[in-house]
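> sequence plus predicted model, see below.
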Amino acid sequence: MDKELKRPISRLKRFAGEAVKTVVSFGILATAIGFVIVMSLRDRSAVLRSPDTLKPMVSIVSAVEYTGPLELVLSGSVVPYREVRLAAEVGGIIVEKTPECRAGNYVRAGTTLMVIDRQNYDLEVATVLAELKQAEATIREVEEEITGLEATIELSQSEVNLIQRELERNSRLAGVASRSEIEQWERNLLTAQTQLVNRQNNLGTARTRLDRMKAGLELTKRKYERALLNLDRTVVRAPSDGVIVVENVQQGDLVAVGSPLLQFEDTQHAEVLVNLSQRDMSWLQEHLPNEPQESPSGDRFLQDAYHLPSADVEVFDPREPAVSWRGVLSRFDGIGRDELTRSTPVRITIDQPVVASAAGPRALVRGMFVRCRILVPPDRRRSDDRMVAIPAKGLRPGNFVWTVENSKLRRHAVEIIGLAPESADEDPSQRPVVVRWKSGALEPGAEIVISPLSQVAPGVEVQVANGSQTINGAPPPAANPSNAQSQPDGANLGT
C-alpha cells in the first residue's frame, strides 16, 4: 500500500522540476531577445543623431618655447657637518662639571665644560721645573770648568814654548850646559807637553759633557712643556660653537686616557643628505656640466670624475616655504650607489644654518626633513638645448600628451626635463612642465589637450571647446619661431 502512494508523489516531483527548467529557459531567451531589441534601437538612434554630437569636446592650451631657468627639487634630511666625540686626554677624577655641560645646551668655542683633578699634574710641572733649573745650573758649572781649562791650556802652552826655547839655546852653546842639564831640560819639556795634552783632553771631555747636558736640558724642556700641556688638558673645553648631544660622565667619575666624555655637534655649518636617482644624476650632468679639460691624464681631469658639478641650492622647510637657507652642492657621501635603493647619496653644505624669520631665528637641526631646489640659469644651459613648456594638466600617465592636429587627436611621448620655477602668484600644482623640443613632434604652438579623455585613440576627431591659449591664459604667439625667441626669459610662463 505504501509503495502505491509513493509512486504518484515521485512523478509529481519530476514534473515540477521539468516545469521549472522550462520556465527558466524561456526567461533567459526572452531576456536575450529584449537586449538585442534595445541595442538595435540604440544603434538606430545613434545613426539618426548628428555626426558632430559624437565628437569628444576637448580644451586645449598652446605649448610655448621655454627659455627660462630650469629647476630640480629634491628631498633630503639634515645631518651634522661635523660630529666630535671628546675623550679624556689625561686621567683623573672629574672634580668639576660646569652647568653648561648638559645635553642639548648650545655653547661657544672655548667654553669650559669639565675639570679633571689637577694635583698630580701640578706636582709634575713643579718637579720638571726643578729638574730644568738643576740642569741649567750644571751646564753653567761645566761652562765655567771649560773656561778654566782653556786658560790653563794657554799657560801650559806658554810653559812648553818657554822650556823648548831654553833647551834650544843651551843646546847651541857648547860648553855652557852639561849633558845632564840638557837632559833635565828635555825631561822638563816632556813633562810640560804631557800636562798640555792632558788638559786638552780634559777640555774635550768637558765640551762633550756640556753637549750632553745641553741635550738633556732640551729634553727636560720638552718634559716641562708636556707637563704644562697635560695640566692644560685637565680642563675640557668646547672645540667650536655647537650643541652638546650626549654626556657620558658625571662629576666624581674616574676617567682614564681615551675615556669618552661627551658627544659634540658643530653647528657653524650644516649639511643635507640627498639621495639622487639615476634620472637626477643624468639631469645634473646634462645641465650642469664640468668645464672641459684639455689633458685626460691631468689631476683636474681625474678629480672631476669623482666631483659633483657646482650648483647653488635653496633649502627650505616644506611646512614653511618662506624660510630658506642657501647652500651648495658639495660632494658625494662616500662613493658609488646604495646597493638597496640604487640611488647616489650626495651632500649639500650650508655655511649659515641659522636664519631670521618672522617667528624668530630658525636653525637646521639633525634629522629635519627639507626640500632642496637647484636652479640652472639660462646662461649655463647649452645653446642647442631647446625646450617647450606644456601645461601640467596635459601630461598623461606614462609621460605622453594628446595634441589636436586638423581636429584629430595625436599622441606624443615626451622627455620630461622638470618643472618651471614656481611663481609667487601661481598654484604650485599648475606649474608648467618643461619637456624636450622634438622637431616634427612637439614644437612651440602645439595644441595640448588638458581636458580628461576616456576611450580615445589616435586619429579620433574632436571638437575644441575653447580658443587656443598659452599656459598663462594669453593669446598664443605668432607661428614664427623667432617671435617666441625674442620674448624675455620666462615671460611666457608667468614667472
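Cool, the structure landed.
> which phi and psi does the residue nearest the centre of the chain have?
Central residue of the chain (C-alpha atoms, centre = their mean): residue 347, 2.2 Å from the mean position. With angles defined as degrees, to the nearest 10, residue 347 sits at phi -120, psi 140.
> so residue 314 sits in a helix?
No - assessed with DSSP: H, G, I helix; E, B strand; the rest coil, residue 314 is strand; it does not lie in a helix.
> my read: it touches residue 324, true?
Yes - using C-beta atoms under 8 Å, residue 314 is in contact with residue 324, at 5.3 Å. Using the backbone N, CA and C atoms, a C-beta is placed for each residue, glycine as well.
> once you drop chain neighbours, what's closest to residue 250?
residue 97 (6.6 Å; C-beta to C-beta, 6 or more residues apart in numbering).
> quick one: secondary structure of the residue nearest to residue 150 when sequence neighbours are not counted?
Once flanking residues are discounted, residue 150 sits nearest to residue 203: 6.4 Å by C-beta to C-beta, 6+ apart. Three-state assignment for residue 203 (three-state DSSP): helix.
> could you do the one 3 residues further on as well?
In terms of secondary structure, residue 206 is helix; the call rests on three-state DSSP.
> how much space separates it from residue 146?
Look at residue 206 and residue 146: by C-beta to C-beta, to the nearest Å, they are 5 Å apart.
> for the residue nearest to the centre of the chain, give me the pLDDT.
pLDDT recorded at residue 347 is 91.
> point out where the stretch 301-450 of the chain drops to low pLDDT.
301-305, 380-384, 422-430, 438-441 (pLDDT under 70).
> got the residue ranges for the strands in it?
Secondary structure of the stretch 301-450 of the chain (DSSP state E, counting those that start in this stretch): strands located at 312-317, 320-332, 344-350, 354-357, 360-363, 369-376, 387-390, 400-405, 408-413, 416-419, 433-436, 447-449.
> put together a markdown table for these, with distance to residue 88 on each row.
Output for the strands of the stretch 301-450 of the chain, formatted as a markdown table (distance: least, C-beta to C-beta, whole Å):
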| stretch | distance to residue 88 |
| --- | --- |
| strand 312-317 | 37 |
| strand 320-332 | 32 |
| strand 344-350 | 31 |
| strand 354-357 | 31 |
| strand 360-363 | 30 |
| strand 369-376 | 36 |
| strand 387-390 | 60 |
| strand 400-405 | 65 |
| strand 408-413 | 65 |
| strand 416-419 | 52 |
| strand 433-436 | 57 |
| strand 447-449 | 68 |
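> out of those strands, which comes closest to residue 263?
For residue 263, the closest of the strands of the stretch 301-450 of the chain is strand 360-363, at 18.3 Å, according to C-beta to C-beta.
> packing partners for the closest one?
The helices and strands touching strand 360-363, judged by 3 or more C-beta pairs under 8 Å, 6 or more residues apart in numbering; DSSP states H and E, are strand 354-357.
> tell me the domain ranges of this protein?
Domains of the chain are assigned by automatic domain parsing as 1-34, 57-69+382-493, 120-233, 266-374.
> sorry, back to before: ok, the residue nearest to residue 250 - how many residues close by?
Neighbourhood size, residue 97 [other C-beta atoms under 10 Å]: 21.
> kindly report the same for the one 10 residues further on.
Counted with other C-beta under 10 Å, residues neighbouring residue 107 total 21.
> list the residues that contact the residue nearest to it when sequence neighbours are not counted.
Distances taken as C-beta to C-beta, 6+ apart put residue 238 closest to residue 107, at 4.6 Å, once the chain neighbours are dropped. Listed by C-beta atoms under 8 Å, 6 or more residues apart in numbering, the contact partners of residue 238 are 107, 108, 109, 110, 111, 113, 264.
> out of these, which end up buried?
Taking 16 or more other C-beta atoms under 10 Å as the criterion, what is buried in the contacts of residue 238 is 107, 111, 113, 264.
> tell me which two of these sit farthest apart.
Spatial extent of the buried ones among the contacts of residue 238 (C-beta to C-beta) is set by the pair 111 and 264 at 10.8 Å.
> for the stretch 51-200 of the chain, what are the low-confidence residue spans?
51-54, 173-177.
> and the strands in it?
57-58, 60-62, 64-66, 70-87, 92-97, 106-107, 112-116.
> buried set for the third one?
Think strand 64-66. Result for strand 64-66 [16+ other C-beta under 10 Å]: buried residues 64, 65, 66.
> then the longest one?
In terms of neighbour count (16+ other C-beta under 10 Å), strand 70-87 has its buried residues at 70, 71, 72, 74, 76, 78, 79, 80, 81, 84, 86.
> isn't the fifth one right up against residue 274?
So the one you mean is residue 76. Yes - counting by C-beta under 8 Å, residue 76 does reach residue 274; the two are 3.8 Å apart.
> what is in contact with those two at once?
348, 372.
> can you show me the helices along the stretch 201-350 of the chain?
278-287, 299-304 (DSSP state H, counting those that start in this stretch).
> what is the neighbour count of residue 445?
Residue 445: 18 neighbours (other C-beta under 10 Å).
> got the phi/psi numbers for it?
Torsion angles, degrees, to the nearest 10, at residue 445: phi 100, psi -10.
> same check, this time on residue 353
According to degrees, to the nearest 10, residue 353 has phi -80, psi 0.
> how much space separates it from residue 270?
4 Å.
> neighbour count winner among the two?
residue 270 (28 against 20).
> quick one, what contacts that one?
Per C-beta under 8 Å, 6+ apart, neighbours of residue 270: 78, 80, 81, 325, 349, 350, 353, 364.
> and those, which two are furthest apart?
The widest separation within those (C-beta to C-beta) is 15.2 Å, between 80 and 325.
> quick one: buried residues of stretch 94-108?
94, 97, 101, 105, 107.
> give me the neighbour count for the nearest residue to residue 188 once chain neighbours are set aside.
Closest residue to residue 188 apart from its sequence neighbours, by C-beta to C-beta, 6+ apart: residue 163 at 5.1 Å. Residues lying near residue 163 (other C-beta under 10 Å) number 19.
> for residue 163, give its distance to residue 277.
For residue 163 relative to residue 277 (C-beta to C-beta), the value is 102 Å.
> swap in residue 143?
If you go by C-beta to C-beta, the gap between residue 143 and residue 277 works out to 77 Å.
> before we move on, back to that, ok, now how distant is the residue nearest to residue 107 from residue 261?
Note on residue 238: its distance to residue 261, by C-beta to C-beta, is 12 Å.
> check residue 336 too.
When residue 336 is compared with residue 261 (using C-beta to C-beta), they lie 35 Å apart.
> compare the two (neighbour count), which wins?
Higher neighbour count among residue 336 and residue 261: residue 261, with 23 against 8, using other C-beta under 10 Å.
> quick one: that one and residue 248 touch, right?
Yes - in this structure, residue 261 is within contact of residue 248 by C-beta under 8 Å, at 5.8 Å.
> residues near residue 269, how many?
Residue 269: 16 neighbours (other C-beta under 10 Å).
> quick one: residues contacting it.
Listed by C-beta under 8 Å, 6+ apart, the contact partners of residue 269 are 81, 82, 349, 350, 351, 353.
> from the residues you listed, pick the one nearest residue 33.
So of those, ranked by how close each gets to residue 33 (C-beta to C-beta), first place is residue 350, at 76.9 Å.
> alright, I will stop here.
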